[in-house]
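Asks: Quick one, structure for this:
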Amino acid sequence: YSFGANSDDGSMLFIDGATVVNNNFFQGQNHPNAPQRRGSVALTAGLHDIPLGFYEGGGGAGTTFFYTPVGGTEQILPMGILFPDATG
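Replies: Model (predicted):
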């Protein structure tokens with residue numbers, strides 16, 4: 001699976017404790033024109049811990065996370081495949 005994020009300012013995506021997307025930079029471009037950074041990971045069937053992080057350093061603000069399923073096309077990461085953690 002491929003994952004990506006574009007953000008103004010920084011964003012990160014982790015899967016099962018590993019950094020998959022590091023877009024953790026102050027970026028002056030306004031979202032959605034901010035740079036997109038990507039990463040890939042092999043996933044097994046089942047649930048995975050996928051924390052998403054974002055911060056705003058001033059000015060414009062926004063972030064979008066993307067993914068590309070195996071054999072599919074890039075799309076916005078849908079909330080329907082994400083669930084809250086067990087702690088609520």
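
Asks: what pLDDT does S11 get?
Replies: S11 is assigned 91 on the pLDDT scale.

Asks: show me what contacts it?
Replies: Contacts for S11 (Cβ atoms under 8 Å, 6 or more residues apart in numbering) come out as 5, 21, 23-24, 52-55, 63, 65. In this view, the C-beta of every residue, glycine as well, is placed from N, C-alpha and C.

Asks: Try it again at 10 Å.
Replies: Contacts for S11 were tallied using Cβ atoms under 10 Å, 6 or more residues apart in numbering; they are 4-5, 21-25, 27, 31, 34, 36-37, 52-55, 62-65.

Asks: hey, what's it bridged with?
Replies: N23, F54 (DSSP bridges).

Asks: any low-confidence regions in the chain?
Replies: By pLDDT under 70, the low-scoring segments of the chain are 28-34, 86-88.

Asks: ok so, going back, narrow the contacts of S11 to those in strands?
Replies: 4-5, 21-23, 36-37, 52-55, 62-65 (DSSP state E).

Asks: Emit the PyMOL select command for whichever of those residues are buried.
Replies: Of those, the buried ones go into a single PyMOL selection, burial set by 16 or more other Cβ atoms under 10 Å:
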select buried, resi 4+5+21+23+36+37+54+63+64+65
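
Asks: Let me know the closest of the ones in strands among the contacts of S11 to P78.
Replies: For the ones in strands among the contacts of S11, the minimum distance to P78 (Cβ to Cβ) is 9.9 Å, reached by F65.

Asks: Excluding residues flanking it in the chain, which one is nearest P69?
Replies: The shortest distance from P69 to any non-neighbouring residue, by Cβ to Cβ, 6 or more residues apart in numbering, is to Y1 (6.2 Å).

Asks: ditto for V20
Replies: Using Cβ to Cβ, 6+ apart and skipping the chain neighbours, the partner closest in space to V20 is G39 (4.1 Å).
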